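Visitor: I'd like to go over a predicted model; first the sequence, then the structure.
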Amino acid sequence: MDTIIKTNKSLVVELLPKLGNYLLGISVICYISGFIITNLYLGSLGIVNLEIIRSRYILSGFLFFLFAGSIVYLIYGLLKTIQKYHGVAPWKAILRIIWYSIVNIVVIYIVIRVIMILAGSTKNPPIGLPQITPVNPWDEWLRIVPKTSIFPSLLIVGIIILLFLLIAAIFMLINPKIEGRDRQSRKQLFIEFFNGLWKKKFNFLLSLIGIYLFLYLWSLSNSALNFMTTNQVRGTSGPSPIQIFTFPMEEGWSRYFYSIVVIYVIIGLFLIIISIVQESTKPTGDGNPLSKFHGWIYLVSIAIILIVPAYTLGVYPNIPQQIGGGQLIRVEPYLSDFNLAQVFADPYANPYLIDRTASSSIFIIINKISPNNTILEIRNDLILSITYNP
């Protein structure tokens with residue numbers, strides 16, 4: 001027993017410094033990423049603000065680190081899946097790729113949704129505020145949601161079947177050469193594909209039923225969690241198929257999630273096509289062609305070209321500022337300087353807070369009747385107070 005305790009203590013002593021180094025490294029990466037993303041966004045508005053010491057960069061960088069890391073995680077797993085099922089029947093490989101993608105995208109969705117709930121929202125105040133968020137009974141949820149979630153789940157299953165057939169059609173159109181076999185005609189490949197499906201029809205049917213039950217239960221759990229956190233029963237006429245996955249995400253977080261999925265699909269299709277094309281053109285060979293693919297620099301370049309602009313210009317501006325995003329906040333500042341106060345007093349002016357540092361605040365004044373907008377950086381000592389109107 002003493003030996004076991006000493007061994008555990010030694011392991012803890014060895015792991016703590018490594019854990020500290022990892023946390024420090026991740027913090028530095030998040031800080032640098034946050035600095036780059038924030039200033040790229042501000043630069044797109046014509047603002048130069050190169051203040052180095054800001055704790056907010058860590059939050060901004062963490063969100064970008066999670067965004068980019070999710071895509072890298074999905075792509076890495078996709079490569080492993082392609083390698084693992086290299087040489088098997090095409091329809092089996094396609095099913096495995098689809099299943100891998102669905103499972104891992106759902107995991108990423110859950111993580112993003114948890115972050116969204118922790119970040120809070122002005123649109124959904126905490127439950128129990130007098131005359132604002134009265135408590136609704138569970139009977140209301142049970143009366144509406146179980147019935148309205150049936151058809152959308154069926155529709156999603158239909159979309160999955162169409163996607164499966166589309167990928168199979170692309171595969172048969174390219175008609176790659178399978179290792180150890182003579183190249184077949186497209187007609188033979190078509191017949192073999194559907195014969196394989198027919199032989200496995202019960203397994204295929206059970207898989208579809210399992211997917212449907214998963215989607216239905218996912219919709220119910222999604223709605224129940226939304227009801228517990230927002231006290232609202234959404235989708236009283238039934239959630240749309242897309243709402244099964246987005247519901248109840250707000251627009252900014254939906255953009256965050258969908259951007260990950262879209263970039264993954266683009267890069268994933270690129271990899272699958274490269275794999276099929278190289279498989280069909282090589283005369284002989286061992287292993288998966290992706291393991292011998294020397295164009296990683298192109299893949300990394302494509303990833304950077306897609307990820308950084310998509311996040312900086314399409315995702316970051318829609319994420320709330322309190323969690324590390326750049327969403328504009330509707331405000332009414334009260335200033336000690338008379339001339340500046342007159343600018344904000346214009347009845348056609350809609351002031352929004354872009355960013356705030358220890359020394360100054362940056363506002364954009366959007367004119368209701370003119371496309372000419374004004375961006376102002378004001379010293380904090382001139383600001384008496386700020387009324388937030390989200």
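Guide: Okay, I see it. Numbers count the residues shown, from 1 in each chain.
Visitor: flag the shaky bits of the stretch 101-250 of the chain, pLDDT-wise.
Guide: Residue ranges of the stretch 101-250 of the chain with pLDDT under 70: 121-137, 172, 174-186, 228-249.
Visitor: one more time with 80
Guide: Within the stretch 101-250 of the chain, the ranges that satisfy pLDDT under 80 run 117-153, 164-165, 167-204, 215, 218-219, 221-250.
Visitor: what of the stretch 251-390 of the chain?
Guide: Judged by pLDDT under 80, the stretches of the stretch 251-390 of the chain that qualify are 251, 271-304, 368-372, 390.
Visitor: 90 - rerun?
Guide: 251-255, 258, 262, 265-310, 313-314, 318-351, 354-362, 364-381, 383-390 (pLDDT under 90).
Visitor: so which strand or helix has the nearest residue to Ser149 once chain neighbours are set aside?
Guide: Spatial nearest neighbour of Ser149, excluding adjacent residues (CB to CB, 6 or more residues apart in numbering): Ser219 at 4.1 Å. For glycine as for every other residue, the C-beta is placed from the backbone atoms N, C-alpha and C. Using DSSP states H and E, Ser219 falls within helix 201-230.
Visitor: which strand or helix spans Leu66?
Guide: helix 56-84.
Visitor: what helices or strands is the next helix or strand after that helix leaning on?
Guide: Going down the chain from helix 56-84, the next helix or strand is helix 90-119, by DSSP H and E. Helix 90-119 makes packing contacts with helix 56-84, helix 150-174, helix 186-199, helix 201-230, helix 251-281 when contacts are defined by 3 or more CB pairs under 8 Å, 6 or more residues apart in numbering; DSSP states H and E.
Visitor: could you list the buried residues of the first one?
Guide: Residues 56-68, 70-71, 74-75, 77-79, 81-82 are the ones in helix 56-84 that count as buried (16 or more other CB atoms under 10 Å).
Visitor: Ile362 belongs to a strand?
Guide: Yes. Counting by DSSP: H, G, I helix; E, B strand; the rest coil, Ile362 is part of a strand.
Visitor: residue contacts, it?
Guide: Neighbouring residues of Ile362 by CB atoms under 8 Å, 6 or more residues apart in numbering: Leu42, Ile47, Asn49, Leu353, Ile354, Asp355, Arg356, Ile375, Leu376, Glu377, Ile378.
Visitor: make it 7 Å
Guide: With contact set as CB atoms under 7 Å, 6 or more residues apart in numbering, Ile362 has these partners: Ile47, Ile354, Asp355, Ile375, Glu377.
Visitor: equivalent analysis for Ile383, please.
Guide: Here Ile383 is in contact with Pro333, Leu335, Ser361 (criterion: CB under 7 Å, 6+ apart).
Visitor: what's the spacing between the closest residue in space to Ile115 that isn't next to it in sequence and Val114?
Guide: Leaving aside its sequence neighbours, Ile115 sits nearest to Ile323 (CB to CB, 6+ apart; 7.1 Å). Distance of Ile323 to Val114, given as CB to CB, to the nearest Å: 12 Å.
Visitor: who's more crowded, these two?
Guide: Ile323 (18 against 11; other CB atoms under 10 Å).
Visitor: OK, contacts around that one?
Guide: Counting by CB under 7 Å, 6+ apart, Ile323 has contacts Leu59, Leu63, Ala119.
Visitor: what about the nearest residue to Lys368 once chain neighbours are set aside, distance to Arg255?
Guide: Once flanking residues are discounted, Lys368 sits nearest to Tyr348: 4.5 Å by CB to CB, 6+ apart. Here Tyr348 is placed at a distance of 29 Å from Arg255 (CB to CB).
Visitor: the more surrounded of the two?
Guide: Each of Tyr348 and Arg255 has its neighbours counted (other CB under 10 Å); Arg255 has more, 19 against 10.
Visitor: re earlier: now the helices and strands packed on helix 90-119 as a markdown table including distance to Val103?
Guide: A markdown table is the format used below for the helices and strands packed on helix 90-119 (distance: least, CB to CB, whole Å):
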| stretch | distance to Val103 |
| --- | --- |
| helix 56-84 | 10 |
| helix 150-174 | 13 |
| helix 186-199 | 22 |
| helix 201-230 | 10 |
| helix 251-281 | 13 |
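Visitor: about what we covered before: give me the angle between the helix holding Ser219 and helix 90-119.
Guide: Relative orientation of helix 201-230 and helix 90-119, computed by axes from the mean of the first three to the mean of the last three CA atoms, to 10 degrees: 10 degrees.
Visitor: counting by contacts, list what helix 201-230 packs against.
Guide: helix 138-148, helix 150-174, helix 243-246 (3 or more CB pairs under 7 Å, 6 or more residues apart in numbering; DSSP states H and E).
Visitor: just say which of the ones you listed is most tucked in.
Guide: Mean neighbours per residue, mean count of other CB atoms under 10 Å, is largest over the helices and strands packed on helix 201-230 for helix 243-246, with a mean of 19.
Visitor: any idea of the pLDDT on Phe65?
Guide: For Phe65, the pLDDT comes out at 90.
Visitor: my read: Ile98 touches Phe164, true?
Guide: Yes. With contacts counted by CB atoms under 7 Å, Ile98 reaches Phe164, the gap being 6.4 Å.
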